[in-house]
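S.K.: Could you look at this predicted model? Sequence included:
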Amino acid sequence: MMGNENSQLSGLKIEDKAIEITDFWSHYQATINDSCRYFSLKDDGSVSVFKGEVVLGPLWVTATPLEKYSNNLLKYRHPCIVRYISSWQQRTTFHLVTEYVQPLSHVLKTQTPLQICIGLNNVLRALVFLHEQAGVSHNNVSVSSIYVSGDGQWKLGGLQYLCAFSDLNSTYLKHARIHRYDKAVDPDEDSQELTTKVDQYGFAVLVDDVFKDCNDDDVPYLKEFRKYCKDILQNNDPAHRPNLSEILQHNFFNHEFISIYKFLNFLPIKKEEDKCEFFTNILTSLECYDEETVAKQLGGLLLSRITLLDPTARRDVIPYILRPKNERLQNGESNGFFSLNVFKEHLKPRLMQLFGVRDSQVRMLLLLHFSKFVHVFSHEELSQHILPELLLGIKDVDDNLVASTLVCLSVLVPILGAEAVVGGKRLKYFTDGRPKSKNNIMMGTSVQKGERFSKSISDFHCSEEIYNTSSSLTFEKTITLNERPSPVGGESQDENIVLEQNANNLVDSDNEWDDWDNSNRQHTLDVEKNSNDDIVGNKVHVDDELEEVNLINIIEETVTERSLADITLLQNAELEAKKTIVDISELDIKYQKNDRSKKNGDEFDFFADMMPVIEKQKVLSLSTPYKLQDISSKLNFVPDEECDENEGWGENWS
């Protein structure tokens with residue numbers, strides 16, 4: 001749950017539950033609408049809010065601890081010190097808003113030894129700045145005074161005890177001791193006259209605390225540095241403690257990994273020849289380190305504006321940083337540096353920020369490599385954040401920028417759809433002009449609603465040619481006929497009406513319906529053989545009864561689309577095709593060969609509810625070893641010449 005606060009920041013929403021409660025304040029996470037103004041890896045504008053009440057004590061007469069902390073953050077600005085955003089007083093509660101940070105104690109167990117090493121370097125740099133540039137002492141160096149920012153960098157906080165060296169004395173330290181970290185307080189602090197070396201002692205204790213669970217070989221020179229802290233920084237005589245700037249010269253803060261980190265941090269002041277050599281070899285040097293540690297600690301620096309504008313980095317580093325490792329290689333290209341999961345977690349938030357940078361060189365570099373990393377973004381991130389930034393780019397006066405932006409928009413069309421990318425009302429101006437063929441249909445050629453696929457009769461599966469080439473009838477075998485559904489319940493009402501209107505043009509119904517009856521079909525074939533008919537059928541093997549039915553219906557449907565002269569020709573061709581088809585009754589469960597003299601009345605009629613029952617006018621006697629009984633079937637319909645052809649086909653035919 002989050003609630004609005006009456007503050008100087010509009011749109012600030014603070015979470016109800018505090019993530020940390022100390023003697024002086026409560027630490028809350030919050031979000032602010034103006035996310036472009038405040039640094040945050042999260043796109044929701046995350047910030048941290050500290051709420052402090054009045055605290056009694058000799059050091060807090062003029063201001064509460066949180067007020068002093070806020071004033072010091074506002075006054076002493078440094079990249080390694082928590083960044084101040086705003087502060088205000090609301091009744092008795094003081095509010096301080098800073099960049100998004102987490103207490104180090106919450107994330108210390110997840111930090112790798114290399115991350116801890118870099119974190120200590122940041123803290124030491126902040127202390128050197130306070131001592132040598134600002135002339136003040138921190139007086140409370142401990143784990144509780146250190147925070148971790150959104151990009152994983154350690155930041156120094158806890159400036160409520162900070163004071164100038166001129167004001168630092170034994171009395172001040174005695175008053176502050178009640179709330180300071182006991183372990184970081186020198187036992188002989190009260191008896192010592194030199195008080196300017198308090199932070200050296202506290203830093204040595206900090207090193208021991210953060211490396212408590214680490215081995216000496218986890219970081220180069222760690223064992224030597226631990227001994228250095230105990231013997232030198234915690235020396236009983238403060239006069240033998242070195243200045244903080246001298247600690248930065250130790251080998252522990254100058255091994256390869258931290259040297260790379262330092263070089264990237266101070267890139268603007270490096271010479272051109274040094275930068276060229278550095279970026280040429282940096283990826284080779286980083287390959288031996290854990291990629292997640294590299295991404296978390298160096299990812300932001302590798303994608304900083306200064307790095308992106310460097311010519312050598314654009315050529316030798318950026319193409320590999322912006323390509324996830326699991327990207328499929330094409331045309332011999334090299335693979336990326338970071339794996340996909342690491343890229344999404346640590347590099348993607350940086351890219352989201354970079355798309356908001358109004359620098360043409362930075363934008364052109366992102367557009368150049370856009371196709372390599374576009375897949376790491378979610379659909380919502382692309383539509384809500386990336387797409388608006390790209391649409392802004394096509395309005396720029398730079399033609400090269402507009403051209404590159406349009407290329408990237410084309411990459412988004414298959415992902416988001418043309419309607420989301422182009423916008424506006426779209427119409428179909430182009431059609432597919434390819435000739436319709438079987439191959440086009442198999443490739444998924446789309447047709448409009450209501451349009452049927454076209455097939456030729458020769459497309460049906462068979463072992464021989466369907467049409468007899470020796471027949472005196474002339475018929476083109478490649479004629480294209482529309483496919484129709486199964487004859488049982490497949491016809492639409494309109495099709496039936498058309499068929500009824502052309503009933504007078506059809507051939508004799510005896511020839512049509514006798515073929516549906518197996519016994520009549522067999523008799524017809526026998527009669528044809530005995531009469532030495534000139535038409536000899538070619539035997540065709542049909543996969544199932546459905547293909548025969550479809551073949552007959554395909555020819556029937558073309559009757560409604562052709563002229564009267566063509567109808568007669570098609571019907572003759574239909575008869576020729578049907579006569580060449582062998583009896584497939586063996587495939588029909590109803591007409592399987594069995595003892596038909598037994599239990600004739602118990603046979604189940606599968607078409608009882610679908611066709612009218614019309615008695616046959618004659619019983620054909622077949623010269624077979626057994627007597628085939630007259631099987632009544634709705635498909636054995638042979639109409640009487642004197643009967644009305646529509647009789648028995650009324651609406652109540654069931």
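M.R.: Cool, the structure landed.
S.K.: use CA for all of it now, contacts and neighbours both
M.R.: Fine.
S.K.: count of neighbours near residue 384?
M.R.: Each residue near residue 384 was counted by other CA atoms under 10 Å, and the total is 11.
S.K.: Can you tell me the SS state at it?
M.R.: Following DSSP: H, G, I helix; E, B strand; the rest coil, residue 384 is assigned to helix.
S.K.: now for whichever helix in the chain runs longest, which elements pack on it?
M.R.: Ordering each helix of the chain by length in residues (DSSP state H) puts helix 399-416 first. Here helix 399-416 touches helix 360-368, helix 370-373, helix 387-393, helix 418-422, going by 3 or more CA pairs under 8 Å, 6 or more residues apart in numbering; DSSP states H and E.
S.K.: Let's see that with 6 Å instead.
M.R.: Applying 3 or more CA pairs under 6 Å, 6 or more residues apart in numbering; DSSP states H and E, we find helix 399-416 packed against no helix or strand.
S.K.: That helix versus helix 360-368: what angle between them?
M.R.: 40 degrees (axes from the mean of the first three to the mean of the last three CA atoms, to 10 degrees).
S.K.: Can you pull out the residues in contact with helix 399-416?
M.R.: Residues outside helix 399-416 that contact it (CA atoms under 6 Å, 6 or more residues apart in numbering): residue 394.
S.K.: Just want the phi and psi numbers for residue 90.
M.R.: The phi/psi pair for residue 90 (degrees, to the nearest 10) reads phi -130, psi 110.
S.K.: Name the residues of the longest helix of the chain that are buried.
M.R.: Of all the residues in helix 399-416, those buried under the rule 16 or more other CA atoms under 10 Å are 401, 402, 404, 405, 406, 408, 409, 412, 416.
S.K.: can you check stretch 53-73 too?
M.R.: Buried, per 16+ other CA under 10 Å, within stretch 53-73: 53-55, 59, 64-73.
S.K.: Could you report the neighbour count for the spatially closest residue to residue 162 that is not a sequence neighbour?
M.R.: Residue nearest to residue 162 in three dimensions, not counting chain neighbours: residue 138, with 4.5 Å by CA to CA, 6 or more residues apart in numbering. For residue 138, the count of nearby residues is 23 (other CA under 10 Å).
S.K.: so what's residue 138 scoring on pLDDT?
M.R.: Looking at residue 138, its pLDDT reads 94.
S.K.: State the distance from it to residue 72.
M.R.: As judged by CA to CA, to the nearest Å, residue 138 and residue 72 stand 10 Å apart.
S.K.: Spell out which residues are contacts of both of these two.
M.R.: Between them, residue 138 and residue 72 share no contacting residue, judged by CA under 6 Å, 6+ apart.
S.K.: So which bits of stretch 360-378 are buried?
M.R.: 362-367, 369-370, 372-377.
S.K.: meant to ask about stretch 237-248, not that
M.R.: For stretch 237-248, a neighbour-count test (16+ other CA under 10 Å) marks 238, 241, 243, 244, 247 as buried.
S.K.: for stretch 124-136, same thing?
M.R.: For stretch 124-136, using 16+ other CA under 10 Å, the buried residues are 124, 125, 126, 127, 128, 129, 130, 131, 136.
S.K.: dump the residue contacts of the closest residue to the second one other than its chain neighbours.
M.R.: If you skip the residues right next to it in sequence, residue 125 has residue 80 as its closest partner in space, 7.1 Å away by CA to CA, 6+ apart. Shown here is residue 80, whose contacts under the criterion CA under 6 Å, 6+ apart are 122, 126, 155.
S.K.: mind redoing it with 7 Å?
M.R.: 122, 123, 126, 154, 155, 156 (CA atoms under 7 Å, 6 or more residues apart in numbering).
S.K.: my guess is the last one meets residue 124, correct?
M.R.: No: here residue 156 lies out of contact with residue 124, judged by CA atoms under 7 Å, at a distance of 9.1 Å.
S.K.: now residue 87, what's its secondary structure?
M.R.: Residue 87 ends up strand, using three-state DSSP.
S.K.: Who does it form a beta bridge with?
M.R.: Bridge pairing for residue 87 (DSSP bridges) gives the partners residue 96.
S.K.: per-residue confidence at it?
M.R.: At residue 87, pLDDT is 93.
S.K.: can you pull the contacts of it?
M.R.: 95, 96, 97.
S.K.: Please repeat the previous calculation with a cut-off of 10 Å.
M.R.: 7-9, 49-51, 66-67, 70-71, 74, 94-98 (CA atoms under 10 Å, 6 or more residues apart in numbering).
S.K.: quick one: it and residue 96, what's the gap?
M.R.: 4 Å.
S.K.: Can you mark which positions in stretch 316-329 are buried?
M.R.: 316, 317, 318, 319, 320, 321, 322, 323, 324, 325.
S.K.: meant to ask about stretch 207-216
M.R.: Buried-residue list, stretch 207-216, by 16+ other CA under 10 Å: 207, 210, 211.
S.K.: Next one: residue 130 from residue 143, what distance?
M.R.: 18 Å.
S.K.: circling back: tabulate the buried residues of helix 399-416 (TSV), appending distance to residue 196.
M.R.: Shown next, in TSV, are these (distance: CA to CA, whole Å):
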residue	distance to residue 196
401	56
402	59
404	58
405	58
406	61
408	58
409	60
412	60
416	62
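S.K.: show me what contacts residue 134?
M.R.: Neighbours of residue 134 in contact, by CA under 10 Å, 6+ apart: 75, 76, 127, 128, 164, 165.
S.K.: and with 8 Å instead?
M.R.: residue 76 (CA atoms under 8 Å, 6 or more residues apart in numbering).
S.K.: Pipe the buried residues of stretch 316-329 into CSV and attach secondary structure and distance to residue 230 per row.
M.R.: As requested, the buried residues of stretch 316-329 are arranged in CSV below (DSSP: H, G, I helix; E, B strand; the rest coil; distance: CA to CA, whole Å):
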residue, secondary structure, distance to residue 230
316, helix, 43
317, coil, 41
318, helix, 42
319, helix, 45
320, helix, 43
321, helix, 41
322, coil, 44
323, coil, 45
324, coil, 44
325, coil, 43
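S.K.: What is the nearest of the residues you listed to residue 272?
M.R.: Nearest to residue 272 among the buried residues of stretch 316-329: residue 316, at 15.1 Å, using CA to CA.
S.K.: Find the residue closest to that closest one in space, skipping its chain neighbours.
M.R.: residue 280 (6.2 Å).
S.K.: and the one you found, how many neighbours does it have?
M.R.: 15.
S.K.: Tell me if it really is in a helix.
M.R.: Yes: judged by three-state DSSP, residue 280 forms part of a helix.
S.K.: confidence score at it?
M.R.: What the model reports as pLDDT for residue 280 is 94.
S.K.: Tell me the one of the contacts of residue 80 nearest residue 432?
M.R.: When these are compared against residue 432 (criterion: CA to CA), the nearest one is residue 154, at 61.4 Å.
S.K.: Looking at the buried residues of stretch 124-136, which one is closest to residue 267?
M.R.: Closest to residue 267, out of all of these and judged by CA to CA, is residue 125, at 16.4 Å.
S.K.: and the gap between residue 63 and residue 70?
M.R.: 10 Å.
S.K.: go on, residue 232?
M.R.: Taking CA to CA, one finds residue 232 at 33 Å from residue 70.
S.K.: lowest-confidence helix or strand of this protein?
M.R.: strand 454-456 (a mean of 40; mean pLDDT, DSSP states H and E).
S.K.: Run through the protein and note the low-pLDDT ranges.
M.R.: 1-8, 34-44, 326-334, 438-571, 573-654 (pLDDT under 70).
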